[in-house]
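> Sharing a model that was predicted from the sequence below.
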Amino acid sequence: MAVQTANVPPAEPVVKKESKLASVAKFREIGLLIFIILLAIGVQIRNSSFLTVENVMDMATNTAILSILAVGMMLVLVTRGIDLSIGATLALSGMLVAQIVSINSGFSPVLAVITGIGIGIFCGLIIGGLVSWLGVLPIIATLAMMNIYRGFTYMVSDGKWISSYQMSESFVGIATSSILGINTLILIAIFIYIAAYYFISHTRTGRHIYAVGSNPESAKVTGINEKKILMLVYTLMGGLSGLCGVLWVSKFASAQGDTASGFELSVIAACILGGVSIAGGSGKLSGVILGAVLIGILNNALPLMNVSPFWQKGVEGTIILVAVLLNVAVKRGVERNHLLRRRI
Amino acid sequence: MAQKNIQPYMQRTLSADRPFSTRQFFFQWEWLLAAILIGVIALNTSLSPYFLNINSLRDATMVFLDKAFIVFPMAFIMIMRDIDISVGSTVALSSVVMATVYNSLGASMEMAVVTCLLVGAICGLVNGLLIVKFKELSAVIITLATMILYRGIAYIILEDQASGNFPEWFGFFGWGYIYGIPFILILFVIVAFLFGLLLHKTTFGRHIYAIGHNDVASKFSGVNVDRVKVIVFTLAGLMSAVTAVFLASRMGSTRPNIASMYELDVIAMAALGGISTAGGKGRLIGTVIAILIVGYLQYGLGLINIPSQTLLIVVGALLLFAVIVPKLNLSRFKK
Amino acid sequence: MSEYVLELKGITKRFPGVTALNNVHFKLKKGEIHALMGENGAGKSTFIKVITGVHSPNEGEIFLDGKPVTFTNPIEAQDVGIAAIYQHVTNYPDLSVTENIFIGHEKVHPKTKRLLWREMYQEAKSILAQLGSSIDPKREMGTLSVAQQQIIEIAKAISTNARIIIMDEPTAALTARESEELYRIAEGLRDQGTSIIFISHRFEDMYRLASQVTVFRDANYIGSWGVNEITNDQLIVAMVGREITQVFPHKKHPIGEEVLRVERLGKTGYFADISFSLRRGEILGLTGLVGAGRTEMCETLFGITNYDTGSVYLKEEKLQIRHPKDAMKKGIGYLSEDRQKQGLILQWGIGRNITLPALERFSKRGWLNERNEGQLAKQLAEKVHVKAKSVFDLASSLSGGNQQKVAVAKLLTADLDVIILDEPTKGVDIGAKSAIYEIIQDLAAQGYGIIMVSSEMPEVIGMSDRIAVMKEGRITKMLERDEFSQEAILAAAMSETPDKTKAG
């Protein structure tokens, strides 16, 4: 094989190489889309109530929070980090805002959202500081802060729930009202996608996040401030978690100590399914949204297909594992192809 | 430089005696830990008059020692600069399988316990093999995936139910005494001793440290890095199953959501014990003291009716303390 | 205005434990290609980083157009027109070509700060066209060949309007044809008035391009000459520090029976059709350009990676090596090229490093015996003359030469027949070099078969009994002692059409 390729002029294999790689990269998202469509058709055949406008809208609202968090998580993963604390941050912000609202029923919804984001940003800043300034491993820092935030949530709630009757209608309306027939939650999610798209592909800072993840050593030589980028990424993640805390509490009209516990795993799963590289440097918004949609469909479809809800975690775990392993296998295949094409 | 009187090429003998530095001897992490442990016991005593007596100190170990078994292999893993966050799920899965084998398949309890240990070891083996075969992926991501998967399987097996009805003798693991000493404490001492020997006195332990400092150089020096990693992750799975046995025995039953967040406690204990998350550093004696610190702290706070959820904050803070303090101190020691 | 665009005076840069630059000088004229030469570890790379603001010097001054300047970060140097193309390509494999060109100085909308992608694509395209390249600016960087990435790095320098471009061994990983392409680009830039500092090991690079040459040796400034004023030999003396013949005390050692035979070894994408044999007491020099597949080939012999085709016989026994441990058991040892990353555990003492490959020799059923261990370590460290107080001294506290001696001592723990030395004197100071040469000769005299991989031609010529030259994954020439010459080696290493008669 190697001997035969030896006589090929160098220009040609280079061109082939590119089309091959590009097709692999595109394949991932198109493949994911095809998989989603096939899954939807399959579920529809088993249960015709799946693809009704009502159910699809329901699914979209349920997936909105997941996909908002996945956008933030993507940026964290792109810098080669991870954030396990988002479920806890979400719960803390949700609980604190719910308490404010339950005491002060006149509290404006806009102010509630801003308060939630503020709490999230504060939580994120602490993690960003630990990771960037003190050099604590992201997994360790976020594992510790996850516990601390979760503990605070229990502490401020004193073990009690805050339920719908304690919340004003306007507050519950943040996530349940609709504009032009579309649920506000979906609109907020779309707004976040657009803002994130602009940020990561049309601003210098956004691109520098990818640069730091792609090659931290080069970033140093280029003069990119890695610490600032890490700080920013975890703060954004915190802010989004804080926002989602308010949305969550508003949507489910209840705030509890264990709100969204374990939710970080679904978010990370969505990112991995969406093709975000855990080794850093790459990850696309479209992929992440598709990944979140897939998880949303699974959550919605399993009960519709009469699959016990207890299978959900097992299915999710299997899919994540298969997705990451498949990713590596594809990469190895591409590399092997490169080697075959080298002239020797 | 060569003109000086040192005559470097003439010196041909090296000392093979370990240099002893008083300064180094006293600046050991373990002394700080010992001081904290004494502080914790003193604090507990001042908060609760029932705390400071031998019976209380002894019986408290029955409550918190179960997860301690995982700390040792976790320390090995962290010395190798890896991490395993699937241990809590492994505890759940192996205990659920044990209960199911006993209750639904009608096997003997002895059989069930053996199956439990086997399942734990297999979970660890799978982690180890995946980590070794897919080097492009970090241990974080692989054990994150298996963490969800293992607990998912536990849910599939037992759904939302608890399973118990173990024979009476099974309660001995969690509540039994031998010569007035809790069985779990005896086993803990033995296991700690064995793991200590393994880490500090054998070639296997030396290889673990070598991998933690520099896995590439270890491979070039003939260390079978892959084999060491697989064995250590399998040990972590096996010890998780041991924890599962004790936990199920103490609780009298098991359910798929038990041992959730154990990974945090375990990692926190190891880190507090002086196992560096940057790899290559730490001794097992430190983790033993750290286990006692966390255990007595949780037990003591429980005595004065501080809700268990608040303890999350304490463990999280201890973990941060353990990883941040060495970073701050290092620069000062060097001066 | 000064005659020189860039002038550095008395630059000293210290790192913990080492002085990387000691009072060095440099002068660069406008529109000049200035070669900077010196052996590995001479301080060239640090010097560049001082110019580009990655490191700040401890002492000394930098003048730009005669005015003193200081850079605290790479962006400041970039702003005044200094750009560097580093030896190890420092790009972002996941980003597009355009982004790689413009990163750090992106074009943004003056008011909204939005990135102006279209303008950047246009300019990237025109710069690449100017360099005679048709690479699509939207391609992902990681999909390009090394030579193409090199061109992108140059495009990046041009996009910053650099007046001074530093090229650190840009030809190291390129084929002759690709190098020629690079020469053409460099000359084009020079003719437009750009000044270029060109760093290379290759004499032909210097003769082909440069008009001025400056030599560093062991962190010191040795001198600066016009290329036409200095002979090849004088230049070598300046770089190496003495006549080459003095360095290699070639000992007579008897050459015995064949110990290793390699037949048609191949690994897809790295090397193919490698055949040679090695006898006891023989030093086989293995040379060629960086990237010729030498290290990859040696690593498969040692079991770090596995070969795909061919077979290896040690003492007439066909080997099945999966892992370095197998290789060492059978009798093959390997001294790796990168001492710091692959050779030693720097945080460990000398003793533990030496005994790591041979723990079972003084342990019983896996139990360590620290007393035996200390004795063995002491004995071996003394055998190779490691300069240290005790076997507990940390490996990181040793000089490069002493670290290498410790690495050699590690090989002596096992019962070996063949020792592979990959760049054994890389980054080692001259004094320690001759000590290492002596050790190698001693080993050969003791009957080990030795394969010495080296890029330094005087070293290969001075030490070897035979020389195998590799080029692009194949052995292109096997030279006997009477055929040794720099010209012969270069011809085989660079020849565009390798002798492929055997491949058929």
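Cool, the structure landed. Everything numeric here is computed off the predicted structure, so don't read it as measured data.
> Give me the local confidence score for residue 7.
Unless you meant another one, I'm taking chain A. Confidence at A:Asn7, expressed as pLDDT, is 34.
> My question was about chain C, not that one.
On pLDDT, C:Glu7 comes in at 89.
> Quickly find the element holding it.
Using DSSP states H and E, C:Glu7 sits within strand C:4-15.
> correct me, but B:Ala107 touches B:Ala99?
No: counting by C-beta atoms under 8 Å, B:Ala107 does not reach B:Ala99; the two are 11.0 Å apart. C-betas here are computed from N, CA, C, even on glycine.
> More neighbours: which of the two?
Legend: neighbour count by other C-beta atoms under 10 Å in any protein chain shown for B:Ala107 and B:Ala99, higher for B:Ala99 (25 against 16).
> A:Leu326 - that's part of a strand, no?
No: judged by DSSP: H, G, I helix; E, B strand; the rest coil, A:Leu326 forms no part of a strand; its state is helix.
> count of residues packed around it?
As a burial measure, A:Leu326 scores 12 neighbours (other C-beta under 10 Å).
> Low-confidence bits of the stretch 101-250 of chain B, can you list those?
Judged against pLDDT under 70, the stretch 101-250 of chain B has no low-scoring part.
> At the contact with chain A, which residues of it appear?
The stretch 101-250 of chain B has residues B:130, B:134, B:136-138, B:140-142, B:144-153, B:155-156, B:159-160 near chain A, with proximity defined as C-beta under 8 Å from any C-beta of the partner chain.
> Give the buried subset of these as a ChimeraX selection command.
Buried members of these, defined by 16 or more other C-beta atoms under 10 Å in any protein chain shown, are picked up in ChimeraX with:
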select /B:130,134,137,138,140,141,142,144,145,146,147,148,149,150,151,152,153,155,156
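> residue ranges of the helices in chain A, please?
A:2-5, A:11-46, A:53-78, A:86-103, A:109-128, A:138-157, A:169-176, A:184-202, A:204-214, A:216-222, A:226-252, A:263-273, A:285-304, A:312-341 (DSSP state H).
> can you tell me which of the ones you listed the model trusts least?
helix A:2-5 (a mean of 34).
> residue contacts, the residue in chain A positioned nearest to chain C?
Nearest to chain C in chain A, going by C-beta to the nearest C-beta, is A:Leu339, at a distance of 2.5 Å. By C-beta atoms under 8 Å, 6 or more residues apart in numbering or on different chains, the contact list for A:Leu339 reads C:Thr268, C:Gly269, C:Tyr270.
> related to what we said a few turns ago, given the strand holding C:Glu7, what are its sheet partners and their directions?
Partner strands and pairing direction for strand C:4-15 (DSSP bridges) are strand C:18-29 (antiparallel), strand C:59-64 (antiparallel).
> Alpha carbons of it, in PDB - could you do that?
The C-alpha trace of strand C:4-15 is given here as PDB (Å, rounded to 0.1, in the frame of the first residue of the first chain):
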ATOM      1  CA  TYR C   4      20.400  48.600  11.700                       C
ATOM      2  CA  VAL C   5      16.700  48.000  12.000                       C
ATOM      3  CA  LEU C   6      17.300  45.800  15.000                       C
ATOM      4  CA  GLU C   7      20.100  45.700  17.400                       C
ATOM      5  CA  LEU C   8      20.500  43.700  20.600                       C
ATOM      6  CA  LYS C   9      23.200  44.500  23.100                       C
ATOM      7  CA  GLY C  10      24.400  42.400  26.000                       C
ATOM      8  CA  ILE C  11      21.300  40.300  26.300                       C
ATOM      9  CA  THR C  12      21.300  38.000  29.300                       C
ATOM     10  CA  LYS C  13      18.400  35.700  30.200                       C
ATOM     11  CA  ARG C  14      18.400  33.400  33.100                       C
ATOM     12  CA  PHE C  15      16.000  30.600  34.000                       C
END
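> buried set for that strand?
For strand C:4-15, the buried set under the neighbour-count rule, 16+ other C-beta under 10 Å, comprises C:Tyr4, C:Val5, C:Leu6, C:Glu7, C:Leu8, C:Ile11, C:Thr12, C:Lys13.
> Please apply the same query to stretch A:43-50.
Applying a neighbour-count criterion of 16+ other C-beta under 10 Å, one finds A:Val43, A:Phe50 buried in stretch A:43-50.
> That one spans what distance, first to last residue?
Length of stretch A:43-50, first residue to last, C-alpha to C-alpha, to the nearest Å: 7 Å.
> chain center to that stretch: distance?
Averaging C-alpha positions (C-alpha atoms, centre = their mean, to the nearest Å) puts stretch A:43-50 27 Å from its chain's average.
> Stretch A:176-189 now?
20 Å.
> what's the first-to-last distance across that stretch?
Distance between the two ends of stretch A:176-189: 13 Å, counting by C-alpha to C-alpha.
> cool, stretch A:95-113 as well?
End-to-end distance of stretch A:95-113 (C-alpha to C-alpha): 13 Å.
> does that stretch come close to chain B?
No: for a cut-off given as C-beta under 8 Å from any C-beta, stretch A:95-113 has no contacts with chain B; the smallest distance is 12.2 Å.
> If you count neighbours, what's buried in that stretch?
For stretch A:95-113, burial by neighbour count (16+ other C-beta under 10 Å) applies to A:Met95, A:Leu96, A:Val97, A:Ala98, A:Gln99, A:Val101, A:Ser102, A:Phe107, A:Pro109, A:Ala112, A:Val113.
> dump the residue contacts of residue 171.
Going with chain A. A:Val101, A:Phe107, A:Pro109, A:Ala112, A:Ser250.
> Chain C was what I was after
C:Glu178, C:Ser179, C:Leu182, C:Ser200, C:Arg202, C:Asp205.
> quick one: the fourth one from chain B, how far?
Noted for C:Ser200: a distance of 28 Å to chain B, by C-beta to the nearest C-beta, to the nearest Å.
> Skip the chain neighbours and tell me the closest residue to that residue.
Excluding the flanking residues, the one nearest C:Ser200 by C-beta to C-beta, 6 or more residues apart in numbering or on different chains is C:Glu169, at 5.7 Å.
> Give me the local confidence score for the one you found.
Note for C:Glu169: predicted pLDDT of 79.
> so it makes contact with C:Ile199?
Yes: between C:Glu169 and C:Ile199 a contact is recorded at 5.7 Å, counting by C-beta under 8 Å.
> quick one, which of these two is more surrounded?
The residue with more neighbours, out of C:Glu169 and C:Ile199, is C:Ile199; 26 against 20, by other C-beta under 10 Å.
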